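Participant: here is my input; please provide its structure:
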Amino acid sequence: MGISTELILVIVILTALVFTLTNGLHDASSVVATFISCGAATPVQAICLAAIGGFIGAVTSGSAVANTVSAIVAVPIETALLKILLAAMMGAVIWNLVTWKFGFPSSSTHALVGGLVGAVWVSRGTEYILWGWKELLSPEHQVIGISKIVIALLFSPLLGFIVAFLLQFTSNLILRNAKITINSWIKRVQWIIAALLAYSHGANDTQKVVGVISLALAAANEPFGHVEPLWINAFGGTVMFLGTMLGGWSIMKTIGRDIYTIRPIHSLNSQLSSGGSVILSTALGAPVSTTHVVVGSVVGVGAADEFRMVNWKIGQEIIVAWCVTIPASAMVAAFLYSIVG
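Facilitator: Numbers count the residues shown, from 1 in each chain. Model (predicted):
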């Protein structure tokens, strides 16, 4: 193996870690948005909790999500794969930074998937992408590849919305005669639920980059020796920790204030719904957008409480994000591959 391959491998890994940093900056802010806006914690307290919970989730998570992400790239494991991964990660990073700058609640997962699709498509052709549509339509209805990711990304916010709606509807019935002092207890309980949501975010999101780094190491024939997945998880979790500590304040404002006026019971129900949805997705090996799940849950509690007071415009923005992010990051990655390839 030549020195150039080693250098490319290092650049791929560094780019993947920069993506993880923007992921922490971008998506982790959504984890604590309602926690802060309802007054349960200060921004500094909430960010520290999210960073620690996310790191523990990254280190202790399994590999189901990582396997799903790495499986969509059907390119032979060879050194040429490194440039494809590099273009894919750079495309995702650029899209994350642009949307973070403008407070646009897009998905880092969408950006990563788009980057991989664009780079593989322009370098090898569509036959080297595991689409999974034929398997989905087969009698066995096997859910793999891109079809698994798309289904998870589309339905996870809907699941967050439905569960949050039901929780809020039930809470309104049970707590209709409760005293205002109950809010102090609800705020305390949220520390536990917010920690679990941060854990589920770290467990799901870090695995996506772990899958890419594992592919890169295999493509370069592991020049630094075999690296245990635990060390890759820990490294990714540390960078995610740093990204979370930087805080994505514009996205917090969008989710915590611009959708619905969040009170403690809304935040609690949103966190329960989001955390449960992301944990279920992680167990199924489905990479999802924590940001979109949280937004879906916030809209759900608002719809159950005061339907007319929900800012439904944010729902339109998410639909736009669904439609735009994957093609946009794919085009950026394809363009970058034409330069580095």
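Participant: not counting its neighbours along the chain, what's nearest residue 194?
Facilitator: residue 35 (4.7 Å; C-beta to C-beta, 6 or more residues apart in numbering). (C-beta placed from N, C-alpha, C; glycine too.)
Participant: can you name the element that comes right after the helix or strand encompassing the one you found?
Facilitator: Assessed by DSSP states H and E, residue 35 sits inside helix 33-37. Using DSSP H and E, the next helix or strand after helix 33-37 towards the C-terminus is helix 43-60.
Participant: would you check that residue 262 makes contact with residue 38?
Facilitator: Yes: applying C-beta atoms under 8 Å, one finds residue 262 in contact with residue 38, separated by 4.9 Å.
Participant: quickly list what's touching both of the two.
Facilitator: Among the neighbours of residue 262, none is also in contact with residue 38 (C-beta atoms under 8 Å, 6 or more residues apart in numbering).
Participant: any regions of the chain where pLDDT drops low?
Facilitator: 1-3, 26-28, 61-64, 103, 105, 223-225, 247-251, 318, 322, 341 (pLDDT under 70).
Participant: top helix in it by residue count?
Facilitator: Secondary structure of the chain per DSSP state H: the longest helix is helix 182-219.
Participant: OK, contacts around the residue nearest to residue 194?
Facilitator: 41, 46, 49, 190, 194, 267, 271.
Participant: before we move on, back to that, just want the angle from the longest helix of the chain to helix 43-60.
Facilitator: 40 degrees (axes from the mean of the first three to the mean of the last three C-alpha atoms, to 10 degrees).
Participant: okay, buried residues for helix 182-219 please.
Facilitator: By 16 or more other C-beta atoms under 10 Å, the buried positions in helix 182-219 come out as 183, 186-187, 190, 193-217, 219.
Participant: with stretch 273-290 instead?
Facilitator: In stretch 273-290, counting by 16+ other C-beta under 10 Å, buried: 273-279, 281-282, 285-290.
Participant: quick revisit: please save the CA atoms from the following helix or strand past the longest helix of the chain in CSV.
Facilitator: Scanning forward in sequence from helix 182-219 by DSSP H and E, the next helix or strand is helix 229-246. Taking Å, rounded to 0.1, in the frame of the first residue of the first chain, the C-alpha atoms of helix 229-246 are listed here in CSV:
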residue,chain,number,x,y,z
PRO,A,229,-15.3,-1.2,16.9
LEU,A,230,-15.3,0.0,20.5
TRP,A,231,-12.4,2.4,19.9
ILE,A,232,-14.1,3.8,16.8
ASN,A,233,-17.3,4.2,18.8
ALA,A,234,-15.4,6.0,21.6
PHE,A,235,-13.6,8.2,19.1
GLY,A,236,-16.8,9.1,17.3
GLY,A,237,-18.6,9.7,20.7
THR,A,238,-15.9,12.0,21.8
VAL,A,239,-16.2,14.2,18.7
MET,A,240,-20.0,14.1,19.0
PHE,A,241,-19.5,15.3,22.6
LEU,A,242,-17.5,18.3,21.4
GLY,A,243,-20.0,19.1,18.7
THR,A,244,-22.9,19.0,21.2
MET,A,245,-21.0,21.3,23.6
LEU,A,246,-20.7,23.9,20.8
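Participant: buried sites along helix 229-246?
Facilitator: Those would be 232-233, 235-241, 243-245, for helix 229-246 by 16+ other C-beta under 10 Å.
Participant: who's in contact with it?
Facilitator: Taking C-beta under 8 Å, 6+ apart as the rule, helix 229-246 contacts 17, 20-26, 28-29, 47-48, 50-52, 54-59, 61, 63, 66, 202, 205-207, 209-210, 213-214.
Participant: tilt between that helix and helix 182-219?
Facilitator: Using the same axes, to 10 degrees: helix 229-246 against helix 182-219 is 130 degrees.
Participant: how far does helix 229-246 sit from its chain's centre?
Facilitator: 14 Å (C-alpha atoms, centre = their mean, to the nearest Å).
Participant: and if you look at stretch 198-216?
Facilitator: The answer for stretch 198-216 is 9 Å, by C-alpha atoms, centre = their mean.
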